[in-house]
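Novice: sequence below, structure please.
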Amino acid sequence: QVQPVESGGGLVQAGDSLRLSCAASGRTFGGFAMGWFRQAPGKERELVAAISWTGGTTYYTDSVKGRFTISRDNAKNMVYLQMNSLKFEDTAVYYCAASTIGRVRPGQTYDYWGQGTQVTVSS
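Specialist: Numbers count the residues shown, from 1 in each chain. Below you'll find the model as predicted:
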C-alpha cells in the first residue's frame with residue numbers, strides 16, 4: 001500500500017505563500033488520483049484540491065480557486081499544493097490522500113492518508 005507523507009506546513013502571515021509537498025512511502029502514487037484535504041478546529045474535513053493520475057484534471061473548492069494550485073510529478077512520486085495569498089481562514093491541518101480511482105470524481109473515496117501538516121496563517 002502507499003503511504004503519503006506531507007511536509008511544508010508552518011506559520012505564515014496573511015498574504016504569504018506556502019508550498020506543501022506530499023511524498024510516497026511504500027509503493028508509488030502510480031495510478032492514484034491525489035487530493036489535499038484540510039481540517040480546521042471544530043470544522044469538518046474538506047477536500048481542498050484534487051488531481052487525476054495523469055494530471056489532466058483538477059478540482060478546487062471555491063474558497064481556494066485562483067489562490068491554490070495542485071500539481072504532481074509522477075517521475076518523482078510527489079504531489080504539491082502551492083498556496084498563495086493565504087488567509088486566516090486557511091488555517092488548518094492539511095492532509096494528503098490517495099484514491100485508487102485514478103480520475104477526479106465527486107465524492108470519491110480516498111484510501112490512503114498522511115498524518116497531516118499544520119498550516120497557521122496569522123491575520
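
Novice: as a check, name the ranges of all strands in the protein.
Specialist: 2-7, 10-13, 18-26, 33-39, 46-51, 58-60, 68-73, 78-83, 92-99, 112-113, 117-122 (DSSP state E).

Novice: redo those as CSV? Include mean neighbour count and distance to Pro106.
Specialist: For glycine as for every other residue, the C-beta is placed from the backbone atoms N, C-alpha and C. Shown next, in CSV, are those (neighbours: other CB atoms under 10 Å; distance: least, CB to CB, whole Å):
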stretch, mean neighbour count, distance to Pro106
strand 2-7, 18, 21
strand 10-13, 13, 31
strand 18-26, 18, 22
strand 33-39, 23, 12
strand 46-51, 21, 9
strand 58-60, 16, 8
strand 68-73, 18, 16
strand 78-83, 21, 20
strand 92-99, 23, 12
strand 112-113, 18, 19
strand 117-122, 17, 25
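
Novice: in CSV: those strands, plus mean pLDDT.
Specialist: Listed next are these as CSV, based on pLDDT from 0 to 100:
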stretch, mean pLDDT
strand 2-7, 95
strand 10-13, 98
strand 18-26, 94
strand 33-39, 98
strand 46-51, 98
strand 58-60, 97
strand 68-73, 98
strand 78-83, 98
strand 92-99, 98
strand 112-113, 96
strand 117-122, 98
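
Novice: reformat those strands as CSV; add distance to Arg105.
Specialist: Below are the strands of the chain laid out as CSV (distance: least, CB to CB, whole Å):
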stretch, distance to Arg105
strand 2-7, 19
strand 10-13, 32
strand 18-26, 20
strand 33-39, 8
strand 46-51, 9
strand 58-60, 9
strand 68-73, 15
strand 78-83, 17
strand 92-99, 8
strand 112-113, 17
strand 117-122, 25
